[in-house]
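Enquirer: Build me a model:
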Amino acid sequence: MVRPRGNDPRSPIFQNGAFYRFKNLKLWVMPNELSFKRAGFLVSKKNAVNLVGVKRIKRLLKEAYRLNKCTLKNGFDLVIAGQGILEPKLKLRDIEGNLLLLFKKACLTADRQDTDVK
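Expert: Numbering: from 1, shown residues only. Below is the predicted model:
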């Protein structure tokens with residue numbers, strides 16, 4: 001998967017992938033031919049007051065994904081994006097809860113025996 005730079009409509013995951021939305025998060029999912037999962041994160045400058053806020057939101061998204069990636073099925077490309085104006089005092093537990101519900105909505109959560117723990 002080519003690293004997405006913005007919401008590039010030519011990217012295969014945006015053209016052919018499944019799209020899910022929950023509260024302030026968007027998720028694009030596309031199966032890949034690999035035995036592992038890959039993830040990309042998008043946060044627009046419009047989603048925060050300043051660049052520090054954008055970086056903080058992206059950091060929180062990455063950390064929430066890292067904490068829960070062992071519960072996801074392998075063989076998928078994911079793009080997770082912040083949607084709308086996100087609160088500057090957003091907490092990790094809020095994003096993590098929303099992200100877990102989004103993964104369940106997309107049927108990406110796996111049984112414990114299917115996951116790889118590294």
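
Enquirer: Now do the SS call for the residue sitting nearest the centre point of the chain.
Expert: Centroid-nearest residue in the chain: residue 80, 2.5 Å away (criterion: Cα atoms, centre = their mean). Following DSSP: H, G, I helix; E, B strand; the rest coil, residue 80 is assigned to strand.

Enquirer: Any idea what it is bridged to?
Expert: residue 27, residue 41 (DSSP bridges).

Enquirer: Quick check: it touching residue 40?
Expert: Yes: at 7.3 Å, residue 80 counts as touching residue 40 under the criterion of Cβ atoms under 8 Å. In this view, the C-beta of every residue, glycine as well, is placed from N, C-alpha and C.

Enquirer: Can you list the residue ranges for helices in the protein?
Expert: Assigned by DSSP state H, the helices in the chain fall at 12-16, 51-68, 92-105.

Enquirer: Relative to residue 89, how far out is the nearest residue to residue 105 once chain neighbours are set aside?
Expert: Ranked by Cβ to Cβ, 6 or more residues apart in numbering and with sequence neighbours excluded, the top spatial neighbour of residue 105 is residue 20, at 5.4 Å. According to Cβ to Cβ, to the nearest Å, residue 20 and residue 89 sit 25 Å apart.
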